[in-house]
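[1] here are the coordinates; sequence isn't available:
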């Protein structure tokens, strides 16, 4: 199996702050990968580099076998890179359906949003949305304003919007942050569906270690912009450098 996303020797500085230093790793399709580390370790910076929101200083990013290092964010989205954020981002003055359709149109050049103005149904969109909603375990009226949704529903909807665009890989930034246990279970179900039913590569940032250890097949750990460990959840959780980075001390002392 070939990697769907490859990060090669990526480095980035903000003034004197090293956000990424010679970072290399791969994301495979049909698998959930974890990207973890203490606050300020450089995780979100790497996400922003991958989907083109910020430029890198050196290194390369590949989607499949295509070098996308110099491509803008909207082109990467259309090529199959999905993204969610720590704080959900929506057009708050528009209804739920408009927000969902705008996302799919941008990524896949679909005309579903335009069809809606002419009263034409997009059955595929509606069926996929219903499937994801059922998997997430909630029901909403897509004619309602986005502002009517709870924080947990917004988190679900942002993941669903990205999945509706049929991405090859999705970058998911702290999906369980601010959610209760039941809501977290629903997010996990969505991500598992994306990876193991639809074959999407998932790169996950998450501070809830129980979530990371339960759904990730491989984990990359960064600290101060550098990779300090990588491997299976079992390998990473027993790594002395990882324990020191999280606890702030050497457990052998």
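    Looks like it arrived, so ask away. Keep in mind it's a predicted model, so treat the numbers as computed, not measured.
[2] what residues are up against residue 201?
    Contacts for residue 201 (CB atoms under 8 Å, 6 or more residues apart in numbering) come out as 3-5, 27-31, 33, 168-170, 195. C-betas here are computed from N, CA, C, even on glycine.
[3] mind checking how far it is from residue 81?
    Applying CB to CB, to the nearest Å, the value for residue 201 to residue 81 is 10 Å.
[4] Among the contacts of residue 201, which one lies nearest to residue 161?
    The shortest approach to residue 161 among the contacts of residue 201 belongs to residue 170, at 10.6 Å (CB to CB).
[5] so what pLDDT did the closest one get?
    pLDDT recorded at residue 170 is 96.
[6] And residue 183, by the same measure?
    pLDDT at residue 183 comes out at 89.
[7] Can I take it that it is in a helix?
    Yes: checked against DSSP: H, G, I helix; E, B strand; the rest coil, residue 183 lies within a helix.
[8] Please tell me I have it right and it contacts residue 155.
    Yes: assessed by CB atoms under 8 Å, residue 183 is found in contact with residue 155 at 7.5 Å.
[9] show me what contacts residue 88?
    By CB under 8 Å, 6+ apart, the contact set of residue 88 is 151, 154-155, 157-158.
[10] for it, helix, strand, or coil?
    Following three-state DSSP, we place residue 88 in the coil state.
[11] low pLDDT regions in the stretch 51-200 of the chain?
    Regions of the stretch 51-200 of the chain meeting the criterion pLDDT under 70 cover residues 103, 105-122.
[12] now the helices for the stretch 51-200 of the chain?
    Under the criterion DSSP state H, counting those that start in this stretch, the stretch 51-200 of the chain contains helices at 73-79, 96-108, 112-117, 123-136, 151-164, 181-196.
[13] about what we covered before: what residues do residue 201 and residue 81 have in common as contacts?
    5, 168-170.
[14] Using JSON lines, lay out those together with neighbour count and distance to residue 76.
    Shown next, in JSON lines, are these (neighbours: other CB atoms under 10 Å; distance: CB to CB, whole Å):
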{"residue": "5", "neighbour count": "23", "distance to residue 76": "11"}
{"residue": "168", "neighbour count": "17", "distance to residue 76": "10"}
{"residue": "169", "neighbour count": "26", "distance to residue 76": "10"}
{"residue": "170", "neighbour count": "26", "distance to residue 76": "12"}
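[15] Which member of those residues is positioned nearest residue 240?
    For these, the nearest to residue 240 is residue 5 (28.7 Å; CB to CB).
[16] Check whether the closest one really touches residue 203, as I assumed.
    Yes: the criterion here is CB under 8 Å, and residue 5 meets it with residue 203 at 7.1 Å.
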